[in-house]
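S.K.: Okay, sequence plus prediction incoming.
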Amino acid sequence: MSKDFNRPIRVLVAKVGLDGHDRGAKVIATMLRDAGMEVIYTGLRQTAEMVVNTALQEDVDAIGVSILSGAHMTVFPKIIQLMREKGVDNVLLTGGGIIPKDDMIALQNLGVGKLFAAGSTLGDIADYIKEWVVENRNY
């Protein structure tokens, strides 16, 4: 990546809904910080509206949603819908957790970025975010 930024890549890490398992999200947040990114972690039990509003307020480059509850086919489409309604069209929506491959494909067809299943490497996640930002953000 040859593009130099005038600020660190900013990533919002979110837990949406009643999913109370946040250890993985915290590991991802720490890893992204270690990779030189600025991370905003929302904490537990956020709504899709709260996530999109925080993304706007914090001027993030990417939103990463950690979801283990099985609600991914509700959560991601709602976030995408709100992003479109609010004109947030240059922010990556990515995430991971327990999401079947067929659902990952369906969500990507709706506009969600690459999704990461259990066992994905932390480096792959950081590299994906960096590459997306280099290709899609202009600042």
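M.R.: Yep, that arrived. Numbers count the residues shown, from 1 in each chain.

S.K.: Could you check how far the residue nearest to the spatial centre of the chain is from Thr47?
M.R.: The residue lying closest to the centre of the chain (Cα atoms, centre = their mean) is Gly64, at 1.5 Å. According to Cβ to Cβ, to the nearest Å, Gly64 and Thr47 sit 16 Å apart. In this view, the C-beta of every residue, glycine as well, is placed from N, C-alpha and C.

S.K.: again, but for Asp34
M.R.: Relative to Thr47, and taking Cβ to Cβ, Asp34 is found at 29 Å.

S.K.: Looking at those two, which has the bigger crowd around it?
M.R.: Thr47 (15 against 11; other Cβ atoms under 10 Å).

S.K.: so where do the helices sit in this structure?
M.R.: 23-34, 48-58, 72-85, 101-110, 122-136 (DSSP state H).

S.K.: Packing partners of the shortest one?
M.R.: Applying 3 or more Cβ pairs under 8 Å, 6 or more residues apart in numbering; DSSP states H and E, one finds that helix 101-110 contacts helix 72-85, strand 115-117.

S.K.: which residues sit against the last one?
M.R.: It refers to strand 115-117. Strand 115-117 has contacts (Cβ atoms under 8 Å, 6 or more residues apart in numbering) with 94-99, 101, 104, 107-108, 124-125.

S.K.: same check, this time on stretch 15-29
M.R.: 13-14, 39, 41-48, 51, 64-69, 71, 75, 79, 96-97, 122, 125.

S.K.: From these, keep the buried residues only.
M.R.: The neighbour-count test (16 or more other Cβ atoms under 10 Å) applied to the contacts of stretch 15-29 identifies 13-14, 39, 41-42, 46, 48, 51, 64-69, 75, 79, 96-97, 125 as buried.

S.K.: per-residue pLDDT, Arg23?
M.R.: In this model, Arg23 is scored at 86, pLDDT.

S.K.: check contacts around Gln49.
M.R.: If you look again at residue 49, you'll see it is Glu, not Gln. Taking Cβ under 8 Å, 6+ apart as the criterion, Glu49 is in contact with Leu82.

S.K.: Many thanks, I have nothing further to ask.
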